[in-house]
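Enquirer: just a sequence and a predicted model for now, questions to come.
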Amino acid sequence: MRIVLTYGTYDLLHIGHINLLRRAKELGDYLIVGLSTDEFNKIKGKKAYHNFDERKKLLEAIKYVDLIIEENSWEDKRKHIKEFNVDALVMGSDWEGKFDDLSDLCEITYLPRTEGISTTKIKRDLKYS
């Protein structure tokens, strides 16, 4: 079985998130999503509309997702890859090159983002509507 791992905040769920999860699942048999905790988002300077538990429930409803785990720090990626015997880490192309240091543990793939949509864009659009 080929295990794929991806990470994110997944706040204000949109088609770009769904596309990423679908394409990540297509690269393997089992998709694990590392969901950033509220505390980790604060460290990253991100403010989510939905709290961790709500974001987790949204992800649990998506058919491509097999398991959701907590991401509490940048170091969790290396730990999770080893713990879950991950074959591939998949991230959006906005992270291109940022996780290449993990290539000693698994394959690293950066998928293109869906054009014209992002959580940042949704927040900006709502602010000015």
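Expert: Here it is on my side, so go on. For clarity, every value in this text was computed on a predicted model and none was experimentally measured.

Enquirer: so what touches the longest helix along the chain?
Expert: Taking DSSP state H as the criterion, the chain has its longest helix at helix 15-26. With contact meaning CB atoms under 8 Å, 6 or more residues apart in numbering, helix 15-26 is reached by 4, 6, 8, 10, 31, 33, 62, 64-65, 90, 92, 111, 113-114, 117-118. C-beta coordinates here come from the backbone N, C-alpha and C atoms, glycine included.

Enquirer: for PyMOL, what selects the buried ones among those residues?
Expert: Typed into PyMOL, the line below selects the buried ones among the contacts of helix 15-26, using 16 or more other CB atoms under 10 Å:
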select buried, resi 4+6+8+10+31+33+62+64+65+90+92+111+114+118
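
Enquirer: ok, the contacts of helix 15-26 vs residue 51, which is closest?
Expert: residue 10 (12.0 Å; CB to CB).

Enquirer: got a list of what that closest one touches?
Expert: So residue 10 contacts 17, 33, 35, 55, 58-59 (CB under 8 Å, 6+ apart).

Enquirer: what's the closest non-adjacent residue to residue 14?
Expert: residue 117 (5.4 Å; CB to CB, 6 or more residues apart in numbering).

Enquirer: picking that back up, quick one: whichever helix or strand comes after the longest helix of the chain to chain centroid distance?
Expert: Helices and strands here follow DSSP states H and E; after helix 15-26, the next one along the chain is strand 30-36. The chain centre lies 6 Å from the centre of strand 30-36; the measure is CA atoms, centre = their mean, to the nearest Å.

Enquirer: from now on call the first residue 406
Expert: All set: I'll call the first residue 406, so the last point we hit is now strand 435-441.

Enquirer: strand 435-441 relative to helix 420-431, how many degrees between them?
Expert: Using axes from the mean of the first three to the mean of the last three CA atoms, to 10 degrees, the direction of strand 435-441 lies 140 degrees away from that of helix 420-431.
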